[in-house]
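Enquirer: here is my input, please return the structure:
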Amino acid sequence: NSRGTSSLLKDSIPITEFSAFEGHDLLRRGFRTVKSELLPSHPLELSEKNFQLNQDKTNFATLRNIQGLHAPLKLQMEFRAVKQVQRFPFLHSSNMALDTLRGNDECISFEDILNDPSQSEVMGEPHMMMEYKLGLL
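Expert: Numbering: from 1, shown residues only. You can find the predicted model right below:
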């Protein structure tokens, strides 16, 4: 056999099994984080994280069934346009137009009470944040 023993091992055992013996490769995979390895602690956690996305999908499906394909496409384009318009990066953006499009402007939710921007810990130097956003830094 002209192939040799190294090529036989390479063909018979997948390379992924060898990586288990080498340890964690920091250059290729980065640092290990506990947060990325955790599974949801409750069955409803994933559902609650994706609540707004699921609600939007349901609303688009209903709108498509009632009014046709143009209605959800027009609404999605309006959502994208409204999401792009924001205040300066050092000011809190309430996204009032997005709340109005979704119909959440008249209801009081958790974020309205416990998400006070004046008590926000994220406040930096305005000039530095604008230069970073514009790509000057």
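Enquirer: and the helix or strand that contains residue 74, what's buried?
Expert: Using DSSP states H and E, the element containing residue 74 is helix 70-84. For helix 70-84, burial by neighbour count (16 or more other Cβ atoms under 10 Å) applies to 72, 75, 82. (C-beta placed from N, C-alpha, C; glycine too.)
Enquirer: quick one: list the elements packing against it.
Expert: helix 51-67, helix 96-102 (3 or more Cβ pairs under 8 Å, 6 or more residues apart in numbering; DSSP states H and E).
Enquirer: least confident of those, on average?
Expert: The weakest mean pLDDT among those belongs to helix 96-102, with a mean of 88.
Enquirer: now it: buried residues?
Expert: Those buried within helix 96-102 under the rule 16+ other Cβ under 10 Å are 98-99, 101-102.
Enquirer: element containing the residue lying closest to residue 88 once chain neighbours are set aside, please.
Expert: Distances taken as Cβ to Cβ, 6 or more residues apart in numbering place residue 130 nearest to residue 88, at 6.5 Å, with adjacent residues excluded. Assigned by DSSP H and E, residue 130 belongs to helix 126-134.
Enquirer: check what pLDDT residue 137 gets.
Expert: 79.
Enquirer: can you report how many residues neighbour it?
Expert: 9 (other Cβ atoms under 10 Å).
Enquirer: these two touch, right, it and residue 129?
Expert: No: contact criterion Cβ atoms under 8 Å: residue 137 and residue 129 do not qualify, at 9.6 Å.
Enquirer: residues touching residue 63, list them.
Expert: 71-72, 75 (Cβ atoms under 8 Å, 6 or more residues apart in numbering).
Enquirer: tell me which residues of stretch 88-97 are tucked away?
Expert: Neighbour-count burial for stretch 88-97 [16+ other Cβ under 10 Å]: residue 95.
Enquirer: perfect, that will be all.
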